[in-house]
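S.K.: Turn this into a model:
(chains A and B)
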Amino acid sequence: MIDRHLRHVPRLGRYPSRFRLVGTPVVTVMLGSIATALPIIAQSPILPPFGLLLLLSWRLLRPELWRAWIALPLGLFDDMMSGQPIGSAMFLWTVTLIGIDSVEHRLVWRSYRQDWLIAAAAIIFCIAGGVFFARITGGANVRLLLVAPQMVWTVLLFPFVVRQCARIDRWRVMA
Amino acid sequence: MARPPSRRPGHNRKAQYSLFASYVVAVTGAAVGLLLVVVAIFDPTGFAAIRTVTAEVTRPVSAGLKNMVSGVSSIDEVLAAYWRAGSQNVALRRQVEADRNRIIEAKGIVQENMRLKKLLKLVDTDRSEVVAARLIASSATSTRRFARLNAGSWQGVRPGMPVRAAEGLIGRVHSVTPNTAEVVLLTDGSSIVPVRRANDNVPAISTGLADGSIEIRALAAGRNPFKPGDLLVTSGIGGVYQPNIPVAVVVRIAGEIAYGVPLANPARVDAVVVERAFEDAVTRPETAAPTPAPAAPPTAP
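M.R.: Presented below is the predicted three-dimensional model:
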């Protein structure tokens, strides 16, 4: 009988399945998008965009994992769940990932704080862009002040989500 | 942490091409996304059919969770009610005494109304109810205010139908899938409802502000006729909403505009009722009145 604590330790000759390696990040981002299926009837945008948070976490945690195009299918799924016009997250998330790629070329040293800064900029860009797209496709002339609380606590939630992603990532790469 | 090296393919041609191709795909896809948004400007429900799958798949989850949490969401009200139980009881008793006479009067008026309508040979506007269902989820991350209804086209719900609760108007059906429907709430920016003041018929237009309140503009020129505390009900103009559904109460005045709060809180209401559009309900041919010629539809706002 192997010690219970050793269950998640890599063992010689065993590798995680391909689905676990590739599928786990995608599935977690999709689960983040599904957060809007929670039975909350909101009167204002209160829920942080968990799909975006998880996408950014995986991208900044594992830069080699995804190419920028991964944001297209994930963004389409998020649009299907979020009530934003279809194409909104597709565009914003892809532009965000391309932007992170270009920033990464220029930053020589990067640590946790720079990651948080990049994520904060990306979150503010995506939420503001979402407000703009909702406005031009028939929504109200919403002031950015309305989404300011959502922006703030999404940015503050980023470190926590990165932690959880790192935890899932440890499980992901260990057979 | 140093810069991750993997984005630099070096001299490997194949890796360079693969990286370049991935950017081509990403930029093209982003352009397609932008195009879809532009299409949505002109046709907001155009690609709503894509949402069918996700809406149907997540419906059981949302409905199940809704059943669990519906008791929890009102727990603060219950606790607050205990706090002032004694004085509230006295006040409520007095209120009931006062209301009893009003109810009797109202019943009389209803009777008289029915009689007058028969005299005018108006088709009875009752039985316009399609289905009663619950709101199970909403667009909580977006600035649009959509709620998902646990009933769809298989239950008879159609786009454009008004949705109301016992407390007041909730919104209008935006798009339907077989078992779910997206409801544009009263507070969404695209939700425009013709209203009137309940006691003296001052007409106005209510528009959502997307933050839980609505903006009310009087149709008549001149100074703003509203004051805080005014009750607004639907006027029936336009033929979508039945007349006399409670809509909102005015809370604040700012120049030409009055700000109101909806009377029915979608997060608190237990069940909502989907109704036929008012015009359909009035001019429906199968509820043939004794006379073959039904009344003229109350259109032309």
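
S.K.: In terms of pLDDT, where does the residue of chain A found nearest chain B sit?
M.R.: For chain A, the residue closest to chain B is residue A:140, as judged by C-beta to the nearest C-beta, at 2.1 Å. For glycine as for every other residue, the C-beta is placed from the backbone atoms N, C-alpha and C. With respect to pLDDT, residue A:140 scores 70.

S.K.: I figured it was touching residue B:209, is that so?
M.R.: Yes - using C-beta atoms under 8 Å, residue A:140 is in contact with residue B:209, at 5.8 Å.

S.K.: which stretch of helix or strand covers the residue of chain A closest to chain B?
M.R.: For residue A:140, there is no host helix or strand (DSSP states H and E).

S.K.: before we move on, the earlier item: so for residue A:140 and residue B:209, which residues contact both of them?
M.R.: Common contacts of residue A:140 and residue B:209, defined by C-beta atoms under 8 Å, 6 or more residues apart in numbering or on different chains, comprise residue B:189.

S.K.: neighbour-wise, which of the two wins?
M.R.: Ranked by neighbour count (other C-beta atoms under 10 Å in any protein chain shown), residue A:140 and residue B:209 place residue A:140 first, with 23 against 20.

S.K.: quick one: the more buried one from residue B:27, how far?
M.R.: To residue B:27, residue A:140 is 31 Å away according to C-beta to C-beta, to the nearest Å.

S.K.: now swap in residue B:236 and tell me
M.R.: For residue B:236, the distance to residue B:27 - C-beta to C-beta - is 51 Å.

S.K.: which element is residue 130 on?
M.R.: If you meant another chain, say so; for now it's chain A. helix A:112-136.

S.K.: switch to chain B, that's the one I care about
M.R.: Here residue B:130 sits within strand B:129-133, counting by DSSP H and E.

S.K.: Pull out the buried residues from the helix or strand where residue B:62 lies.
M.R.: Residue B:62 is part of helix B:51-69 when elements are defined by DSSP H and E. By neighbour count on 16 or more other C-beta atoms under 10 Å in any protein chain shown, the buried set for helix B:51-69 is B:51-52, B:54-55, B:58-59, B:62-63, B:65-66.

S.K.: That helix versus strand B:129-133: what angle between them?
M.R.: 60 degrees (axes from the mean of the first three to the mean of the last three C-alpha atoms, to 10 degrees).

S.K.: Can you dump the C-alpha atoms of helix B:51-69 in CSV for me?
M.R.: Extracted in CSV, the C-alpha atoms of helix B:51-69 (Å, rounded to 0.1, in the frame of the first residue of the first chain):
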residue,chain,number,x,y,z
ARG,B,51,-26.6,30.3,-27.4
THR,B,52,-29.2,27.5,-27.6
VAL,B,53,-26.7,24.7,-26.7
THR,B,54,-25.2,26.4,-23.7
ALA,B,55,-28.5,27.7,-22.4
GLU,B,56,-30.0,24.2,-22.6
VAL,B,57,-27.1,22.5,-21.1
THR,B,58,-26.7,24.8,-18.1
ARG,B,59,-30.5,25.1,-17.5
PRO,B,60,-30.8,22.0,-15.1
VAL,B,61,-27.8,23.2,-13.1
SER,B,62,-29.2,26.7,-12.7
ALA,B,63,-32.7,25.5,-11.9
GLY,B,64,-31.4,23.1,-9.3
LEU,B,65,-29.2,25.7,-7.6
LYS,B,66,-32.1,28.2,-7.8
ASN,B,67,-34.3,25.8,-5.8
MET,B,68,-31.6,25.5,-3.2
VAL,B,69,-30.8,29.2,-2.7
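
S.K.: quick one: average pLDDT of the helix or strand that the helix holding residue A:130 is followed by?
M.R.: With elements assigned by DSSP H and E, the helix or strand that comes after helix A:112-136 is helix A:148-173. In this model, helix A:148-173 has a mean pLDDT of 92.

S.K.: hey, where'd the strands end up in chain B?
M.R.: Taking DSSP state E, the strands of chain B run over residues B:129-133, B:135-138, B:146-149, B:162-164, B:169-176, B:181-185, B:192-197, B:203-208, B:214-218, B:231-234, B:246-254, B:257-262, B:272-275.

S.K.: Cool, thanks, talk later.
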